[in-house]
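Visitor: for reference, the sequence and a predicted model appear below.
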Amino acid sequence: MIQIAALTKRYGDFIAVDDVSFTAEPGRVTGFLGPNGAGKSTTLRTVVGLAEPTTGRATVLGRRYADLPNPGLEVGVLLDASAQHGGRTGRETLVLAQRTLGLPRTRVDEVLELVGLTRPEARRRVRDYSLGMRQRLGIATALLGDPAVLVLDEPANGLDPAGIRWMRDLLRSFADGGGTVLLSSHLLAEIEMIADDIVMIGNGRVVASGSKATLLSGATTLARADDADALGAALRAAGHDATPTGDGAVATDAGLAAAGRVAFAAGLPLTELRAADGSLEEMFLALTAGTQRDGATAQPTTGAAA
């Protein structure tokens, strides 16, 4: 289990993560989504001890990562496959980790077979690996200690369609065996296929969280008013969930008519009121609209190329 409670991370005046709370449960895959710069990687780095929270807490299996006696035996981590030492072979990379963790040498061959790296591939220098092969090696390293928890940042980068299918099956099997998976990815279709739970952030704050089935049930209403805070407060006072999206809108479980009535009773004119269509992509774009780099429709250019 991974528990994140009121986590905030500041770098000077910049707030990278702002009061984030969620739990990744055993036996489930938790998809962690957000636009570039939303705070996903900072959150994951805090979970695995590479960044100290300014306030709040992140624990794995009930402890801070730094307090685990031998973290690699309990938590498998892949944050950046390109960070591997290019001068070592794939096998040397795994043997070094195997010795560090105090595991038998046979475990290296087991994980190489598990991730589909052949003996000739394992003897090649990592600098000669494709990105997809580096991802497989990174996953092999994460699985080496037979951990109970996996923390993965964009593990499908560089994988071809067959590799993505393999990755999906591997993570599904890991979770079905009781493991905890926290998975960050930009591949929304893959997240929609594999995730049991979804946490979505924008501008460092959680804008939606819950089971995939609940979030994509079509019950989400998006309402927009000039005063989003007042609208959210009115909806919550009426007994509904209400989450600000960061761009003046509020996501709520109230139906269209109910949300309209609450806004009218509170004297808050609505500038938008609509239902999400039940797809993860639609929900993602709607809830993170205010944080998207490419939120506006691109206009064709004329004249000389930029």
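Guide: Thanks, I have it.
Visitor: domain ranges for this protein?
Guide: Following automatic domain parsing, the chain resolves into domains at 2-199, 214-291.
Visitor: and those: which comes nearest Val207?
Guide: domain 214-291 (4.5 Å; C-beta to C-beta). (Each C-beta comes from the backbone N, C-alpha and C, glycine too.)
Visitor: how about the helices in the stretch 51-200 of the chain?
Guide: Assigned helices in the stretch 51-200 of the chain, in chain order: 90-101, 106-115, 119-122, 131-143, 161-176, 188-194 (criterion: DSSP state H, counting those that start in this stretch).
Visitor: okay, now the unreliable bits of the stretch 201-306 of the chain?
Guide: 217-219, 246-247, 276-279, 286-287, 289-306 (pLDDT under 70).
Visitor: closest one to Asp19 among the helices of the stretch 51-200 of the chain?
Guide: In terms of C-beta to C-beta, the element of these nearest to Asp19 is helix 188-194, at 23.5 Å.
Visitor: next, the buried residues of the closest one.
Guide: 188, 190-194 (16 or more other C-beta atoms under 10 Å).
Visitor: from those residues, which two are the most distant?
Guide: Leu188 and Ile194 (11.2 Å).
Visitor: enumerate every residue touching Thr100.
Guide: Gly72 (C-beta atoms under 8 Å, 6 or more residues apart in numbering).
Visitor: returning to that earlier point: which one of the buried residues of helix 188-194 is nearest to Gly138?
Guide: Using C-beta to C-beta, Glu190 comes nearest to Gly138 of these, at 17.1 Å.
Visitor: how far does the helix or strand harbouring Val250 sit from the chain's center?
Guide: Counting by DSSP states H and E, the element that carries Val250 is strand 249-252. In terms of C-alpha atoms, centre = their mean, to the nearest Å, the centre of strand 249-252 is set 21 Å apart from its chain centre.
Visitor: direction included, what does that strand pair against?
Guide: strand 221-225 (antiparallel), strand 242-244 (antiparallel) (DSSP bridges).
Visitor: hmm, who's touching the helix or strand just after that strand?
Guide: Later in the chain than strand 249-252, the nearest helix or strand by DSSP H and E is helix 256-265. With contact meaning C-beta under 8 Å, 6+ apart, helix 256-265 is reached by 221, 223, 225, 231, 234-235, 238, 240, 252, 254, 269-270, 273-275.
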